[in-house]
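# Dropping a prediction and its sequence here:
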Amino acid sequence: LKGAMINGPGYTYDTPGPQLDFIGTDDEIQFVAPIDNSGKEQLCELWYRLDPGSQNVIQRYINIFKTEIEFQQLNLWGSGGGWNDLWENVASLRLYYWENGTEAWYDNDPLTADAKTSWDTNSGSLNQHGKLPSGVLIELEVADAKDSTKHEIYSTVVYLENARK
């Protein structure tokens with residue numbers, strides 16, 4: 001997540017390659033980031049969500065672009081990769097997004113810290129269009145495998161290295 005990237009403002013669909021957007025809701029996130037794959041830097045699209053069928057498994061969609069031509073001709077989001085189950089016993093996944101200049105980050109209640117529950121770099125919004133969020137709070141509520149009535153909440157803030165000021 002910290003290496004997420006976008007094309008930026010001014011990108012058009014006439015430019016070679018797919019448009020690279022960052023799309024996040026309160027319970028799923030999609031982005032493109034570079035990865036080191038067998039000693040080569042390659043771009044891949046990533047998508048994390050709760051499995052819509054089971055609602056208790058975190059899934060990851062990954063599609064690695066192997067060649068520049070494949071990258072230029074590929075339609076993003078679900079056209080060439082595959083889904084993997086990552087974690088089970090997840091009761092909920094919550095995501096919050098901050099833009100640059102936010103005064104407060106996380107103070108036990110993300111909504112009082114100017115957090116947004118969605119982000120779309122192609123939304124046309126003045127605050128989000130062509131910009132990555134500065135940070136994303138990821139909050140997982142996980143049920144105990146032996147006693148499903150016991151839940152723990154785990155959270156972390158990921159700062160995006162490519163966010164523009």
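The structure has been received and is ready for your questions. Please read all numbers here as calculations on a predicted model, not as lab measurements.

# drop to CA atoms for contacts and neighbour counts, all remaining ones
Noted.

# following the helix or strand bottoming out on mean pLDDT in the chain, which helix or strand shows up next?
Across the helices and strands of the chain, the lowest-confidence element by mean pLDDT, DSSP states H and E is helix 68-73, at a mean of 57. Next helix or strand after helix 68-73 toward the C-terminus (DSSP states H and E): strand 82-87.

# in its sheet, what does that next one sit against?
Looking at strand 82-87 with DSSP bridges, its partner strands are strand 58-64 (antiparallel).

# what does the partner strand contact?
Residues external to strand 58-64 that are found in contact with it (Cα atoms under 8 Å, 6 or more residues apart in numbering): 42-51, 78, 80-88, 90.

# same thing but at 6 Å, please
The contact list for strand 58-64 (Cα atoms under 6 Å, 6 or more residues apart in numbering) reads 44-51, 81-87.

# among those, which ones are buried?
By neighbour count, with 16 or more other Cα atoms under 10 Å, these hold 44-51 as buried.

# can you put those residues in JSON lines and add pLDDT, distance to R94 and secondary structure?
As requested, the buried ones among the contacts of strand 58-64 are exported to JSON lines (pLDDT from 0 to 100; distance: Cα to Cα, whole Å; DSSP: H, G, I helix; E, B strand; the rest coil):
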{"residue": "C44", "pLDDT": "84", "distance to R94": "23", "secondary structure": "strand"}
{"residue": "E45", "pLDDT": "85", "distance to R94": "20", "secondary structure": "strand"}
{"residue": "L46", "pLDDT": "89", "distance to R94": "17", "secondary structure": "strand"}
{"residue": "W47", "pLDDT": "91", "distance to R94": "14", "secondary structure": "strand"}
{"residue": "Y48", "pLDDT": "93", "distance to R94": "11", "secondary structure": "strand"}
{"residue": "R49", "pLDDT": "93", "distance to R94": "10", "secondary structure": "strand"}
{"residue": "L50", "pLDDT": "90", "distance to R94": "10", "secondary structure": "strand"}
{"residue": "D51", "pLDDT": "87", "distance to R94": "14", "secondary structure": "coil"}
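
# Cool, thanks, signing off.
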